[in-house]
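Colleague: here is a sequence with its predicted model. Questions after.
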Amino acid sequence: MVAMRSVVVMMFVLAACGGGGDAADTSAPDTTAPPTDTSVPDTSATTVSCCPLGNCGVGLECVSGACLPKTTGDQCYYDGECPSGATCEGATRCGCGAELASCTATPGTCHYPTGCCNGDGDCSGGAACIAGQCRAPSDAGTCWRDDQCQSGESCDGAVACACGDTSCTAVIGHCGAAGICCSSDAECGAGVCRAGRCLAHAASGACWGDDDCQGGETCLGESLCTCAPGHSSDASCVVPSTPGRCGVAADVCCTDDTSCGDGKICVDGKGCVKAPNRAPSRDECWVDAHCGLGRTCKGASLCGCDGGPECVEKIGKCTTDVIACDSGTCPVGMRCIAPDALVCVDDLPVATLDETSLYPQHVCVTDVDRVNGACWQTSDCTGGLRCGAEEVCVDADGCDRPNVPGQCRMPVELRNCCDAHNDCEPGLECRNSDASLTCPIGEGAVCLPKPELGESCWNLYDCPAGKTCQQTMICGCNGKCRWNHMGVCLEPTFCDTDLDCGSDSVCAHDTECILSPCTTQSTCPIGGRCQLEAVDEDGNKLCWNTEECGAGMYCDGLRVCPADRTCVAPDVPGRCAPRAALGECCSSLRGCEPGLRCVSPTQRNGCRADFSSVCVPAVTFGSDCYGDDDCDSGQRCSGAVICPCGVEDCTSPPQPGQCILDN
């Protein structure tokens, strides 16, 4: 048997080095496409399609479990789709499975009650129907909506109360430049408009211009970064708008940037210093204003005119502050948002699930020009789009990087990667690949169908008290596995995580077959069994699942009978062992460092670890390959170089091959 094994291994070495040609695949992986959901919508042409998981076809939406035509404008199927104070009238809904011959779904229209208006035609004297009430501007420059302003302007600051709402106080708005640029102080609330930007009033002794100074003094060292519609970012300016100080020109070192040489700026009139490098990797500054709103300059030392020879000037670095807020407590030029990353399932803030969290529920960020599709949160986007790629600091200690707005983009589709619960299409939620955690969202999360509370589930938190989520499987973002399985809420007979087993036991769960790209939902059973914590004869702790071992480790030698099978051999705990590096031997599909996977040269795939398996890099599916399972159906992997485990005279690092047609 040993001699035969050596022959097999050496034959692969020759093939890998180009001496033996390409071997035929003798064990093609099971490519049967497994179901992705636990229930399938009714697609019968004679009945209304059902949507137990919230998924409907193009042009349809899921309403009370039935796929009905999508609503547009002020159309509705129920009152909850209408503005506050309005009700849905004239809607016809069909139930799941209803016969199309006897039921035609028709959207209704949102209407305010008698005594309210339902369109501009109900109003007179040039008034417009706003939230069910007829309202007209009080004078020139005031407004309730954009079309009451001149071309190129928008209505800002208007608060229109719904007809009949006595708890709300209406506030008329004002017309101003569209976007975040301003044309008058009226657009800036408690601030002032300078160079097209809303800025806070200059503090005592500071100034934005000579008008802020008294007693014959002038404004020295101020810098105004001009805002232009469509180009509201201050990145093109040497520094953001920075106030100067009131003084007499004869008493200062410089009056403005023109007083300094090339590459230098005048700061507070105290001296010419080199302009800060505002690249994200440098983010230099001399004063807080150089960093922009919501950021602080740390470590800067500015000598000024008479600092003396002992003074050493030192440029500082910007730090992003976390400013907790409610709806109206942000500095001028900033606004209060709830970052999508901190929104949990069903819009629950993270803090409700984790009382030790340091995250504020809302933070202040600089306003962005939403006209160009920039956004901080999904509520900034319209037309069913979501906010993506935004970066918002929520670390109570601050962040080195600045907050970066995202862009409105299409929602994430089923099984694709996501990083916030608001990312996914209607009917889907962003779920962690770690099924023991709902919030906050971490790496590896994907969009999956919403579960039915108390019935289907993705983790323990989807089930009522006394029940656990069993038989669930989440294939993480860019995971090698190709299917997901929604679990069911059951009495805690079996388990998926340690949370299912109480304080004295752990969930014995061997994920070996789940990690194999060649298994399907039918061939890989899901779920584990609760086992008492185990130790060896020397008192060393043994493991029943890889999660017990911590970062960089896995549970080696673990053997657990699946929850829905009967096995002859008893369950055996493993020992925590370090994950193998590139090119090292691996005895488990779990046994390689992150970014690597365990592949068998003798089997030409990563379906099951054996005596020859080693750790190789992950590849782009259907392009690079280390085994035939990396290629599409009808292709095979050619030219891969892998030194099998235990062959001492083969030292070449693993090299990928290419997928070619299997002739």
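Modeller: Structure received.

Colleague: burial count for Cys650?
Modeller: In terms of burial, Cys650 registers 17 neighbours under the definition other CB atoms under 10 Å. No exception for glycine: its C-beta is placed from N, CA and C like everyone else's.

Colleague: oh, that last question was meant for Ala580, not what I typed.
Modeller: With other CB under 10 Å as criterion, Ala580 counts 21.

Colleague: spit out the contact partners of Ala275.
Modeller: Under the criterion of CB atoms under 8 Å, 6 or more residues apart in numbering, the contact list for Ala275 reads Val238, Val239, Gly263, Lys264, Ile265.

Colleague: pretty sure Ser64 contacts Arg93?
Modeller: Yes. Between Ser64 and Arg93 there is a contact under CB atoms under 8 Å: 6.9 Å.

Colleague: quick one, which of these two is more surrounded?
Modeller: Counting neighbours by other CB under 10 Å for Ser64 and for Arg93 shows that Arg93 has the greater number, 17 against 12.

Colleague: for the more buried one, grab phi and psi.
Modeller: Comment: the main-chain dihedrals of Arg93 come out as phi -110, psi 140, following degrees, to the nearest 10.

Colleague: show me the contacts for it.
Modeller: With contacts defined as CB under 8 Å, 6+ apart, Arg93 is in contact with Val63, Ser64, Ala66, Leu68, Tyr77, Tyr78, Ala105.

Colleague: low-confidence regions, the stretch 51-200 of the chain specifically.
Modeller: For the stretch 51-200 of the chain, the stretches flagged by pLDDT under 70 are 52-54.

Colleague: which stretches in it count as strands?
Modeller: 60-63, 66-69, 75-76, 87-89, 108-111, 128-130, 133-135, 142-143, 153-156, 173-177, 192-194, 197-199 (DSSP state E, counting those that start in this stretch).

Colleague: what is the burial count for the closest residue to Ile642 other than its chain neighbours?
Modeller: Taking CB to CB, 6 or more residues apart in numbering as the measure, Ile642 lies nearest to Pro601, with 4.5 Å between them; neighbours along the chain are not counted. One way to gauge burial is a neighbour count; for Pro601, by other CB under 10 Å, it gives 29.

Colleague: cool, and Ala158?
Modeller: Neighbour count of Ala158, defined by other CB under 10 Å: 18.

Colleague: now do Ala465
Modeller: 4.

Colleague: same check on the one 3 residues further on?
Modeller: Residues contacting Thr468 under the criterion other CB under 10 Å number 25.

Colleague: what distance do you get for the spatially most central residue of the chain to Gly479?
Modeller: Among the residues of the chain, Asp419 comes closest to the average C-alpha position under CA atoms, centre = their mean, at 2.2 Å. Counting by CB to CB, to the nearest Å, the gap between Asp419 and Gly479 amounts to 15 Å.

Colleague: if we can go back for a sec, for the residue nearest to the centre of the chain, which non-adjacent residue is closest in space?
Modeller: The shortest distance from Asp419 to any non-neighbouring residue, by CB to CB, 6+ apart, is to Ile441 (5.8 Å).

Colleague: helix/strand/coil for the one you found?
Modeller: Judged by DSSP: H, G, I helix; E, B strand; the rest coil, the three-state class of Ile441 is coil.

Colleague: settle this for me: it is touching His421, isn't it.
Modeller: Yes. Contact between Ile441 and His421 holds when scored by CB under 8 Å: they sit 6.6 Å apart.

Colleague: shared neighbours of those two, which are they?
Modeller: With contacts taken as CB under 8 Å, 6+ apart, Ile441 and His421 have Cys430 as neighbours in common.

Colleague: just the helices in this protein please.
Modeller: Counting by DSSP state H, residue ranges of the helices within the chain are 2-16, 512-515.

Colleague: compare those helices and say which comes out lowest on pLDDT.
Modeller: Set side by side, the helices of the chain show their lowest mean pLDDT on helix 2-16, which sits at a mean of 34.

Colleague: any of the contacts of Arg93 buried? List them.
Modeller: Neighbour counting by 16 or more other CB atoms under 10 Å classes Val63, Ala66, Leu68, Tyr77, Ala105 among the contacts of Arg93 as buried.

Colleague: and the furthest pair within those residues?
Modeller: Ala66 and Tyr77 (9.8 Å; CB to CB).

Colleague: who touches both of these two?
Modeller: Contact with both Ala66 and Tyr77 is made by residues Arg93, Ala105, according to CB under 8 Å, 6+ apart.

Colleague: quick check on the residue nearest to the centre of the chain: phi, psi?
Modeller: In terms of degrees, to the nearest 10, the main-chain angles of Asp419 are phi -130, psi 10.

Colleague: so it touches Val446, yeah?
Modeller: No. Judged on CB under 8 Å, Asp419 makes no contact with Val446 at a distance of 10.4 Å.

Colleague: find the residues that touch each one of the two.
Modeller: Jointly contacting Asp419 and Val446 under the rule CB under 8 Å, 6+ apart are Cys430.

Colleague: using PDB, list the CA coordinates for stretch 456-464.
Modeller: As requested, the backbone C-alpha atoms of stretch 456-464 are provided in PDB (Å, rounded to 0.1, in the frame of the first residue of the first chain):
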ATOM      1  CA  SER A 456     -37.700  30.200   9.800                       C
ATOM      2  CA  CYS A 457     -34.500  31.700  11.000                       C
ATOM      3  CA  TRP A 458     -30.800  32.500  10.300                       C
ATOM      4  CA  ASN A 459     -29.800  32.500  14.000                       C
ATOM      5  CA  LEU A 460     -31.000  32.300  17.600                       C
ATOM      6  CA  TYR A 461     -32.300  35.900  17.600                       C
ATOM      7  CA  ASP A 462     -34.800  35.100  14.900                       C
ATOM      8  CA  CYS A 463     -36.600  32.600  17.300                       C
ATOM      9  CA  PRO A 464     -38.800  33.100  20.300                       C
END
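
Colleague: name the residues of that stretch that are buried.
Modeller: If you call a residue buried by 16+ other CB under 10 Å, then stretch 456-464 has these buried ones: Ser456, Cys457, Trp458, Asn459, Leu460, Asp462, Cys463.

Colleague: check stretch 556-565 too.
Modeller: For stretch 556-565, a neighbour-count test (16+ other CB under 10 Å) marks Asp556, Leu558, Val560, Cys561, Pro562, Ala563 as buried.
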